[in-house]
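> got a sequence here, can you build the structure:
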Amino acid sequence: MRIGELARRAGTSTRTLRYYESRGLLTARRTGNGYRDYDEDDLRLLRQIRTLQDFGFELEETRPFVECLRAGHPAGDACPASLAVYRRKLAELDGLIGQLADVRDQVARQLAAAEEAAGRAAPRCEMTG
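Numbering: from 1, shown residues only. Okay, here's the model as predicted:
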C-alpha cells in the first residue's frame, strides 16, 4: 500500500509516517517509480507505536517493541528489551502516583484548615444584592 493508504488505515498523517521513517521506526520499500510501499506488517508496527504512545510512552521508548516485531515475534512486547521498557515505565508511573498522592494530601489538609477557619470567623464572602 502507498503512504496515504497506510496513514489512513493507521489513523495518522503521512507527515507522521515520514517522521517515523526518518527516526528509523518505519522502513519503506520503494516501487519502480519511487513511491513508498508498505504492507500489513508496517500497519501492525504503527498500531503498536500508537498504542504505546496512547499509554504515555515516548516515541523512542517504542523502539524495542518495533524491533521485537521486526525480529518476527508476533507481539512486540515479547523481547527482553521491551520488558525492560515496561518495567521502567511502571516504575515511573508508580513514582508519579506517589507524587500525586502527596499533593492530594496537602490539598486535603489545606481545605480542612480553610474550612475550619471559615467556620470560626464566619464573614460573608458572597456579594449581597
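> residues near Leu59, how many?
Per other C-beta atoms under 10 Å, the neighbour tally for Leu59 reads 13. The C-beta positions use only the backbone N, C-alpha and C, and glycine is treated the same way.
> heads up, I number from 372, so please use that
Understood, numbering begins at 372; the last thing we discussed is Leu430.
> my read is that it contacts Arg394, right?
Yes. In this structure, Leu430 is within contact of Arg394 by C-beta atoms under 8 Å, at 6.9 Å.
> let me see the mean pLDDT of stretch 487-497.
The average pLDDT within stretch 487-497 is 71.
> and what of stretch 444-464?
93.
> show me which residues of that stretch are buried.
Buried residues in stretch 444-464, counted by 16 or more other C-beta atoms under 10 Å: 447-448, 450, 453, 456-457, 460.
> all helices for this structure, in order.
Ranges of helices in the chain, per DSSP state H, are 374-381, 385-393, 411-425, 434-441, 451-492.
> tell me which of those helices sits most buried.
helix 434-441 (a mean of 20; mean count of other C-beta atoms under 10 Å).
> circling back to that earlier point, widest-spaced pair of the buried residues of stretch 444-464?
Cys450 and Lys460 (15.2 Å; C-beta to C-beta).
> from Val478, how far out is Ala442?
Distance, Ala442 to Val478, using C-beta to C-beta, to the nearest Å: 47 Å.
> go on, Gly466?
For Gly466 relative to Val478 (C-beta to C-beta), the value is 19 Å.
> minimum distance to Thr402: which of the helices of the chain has it?
With C-beta to C-beta as the yardstick, what comes closest out of these is helix 374-381 (11.2 Å).
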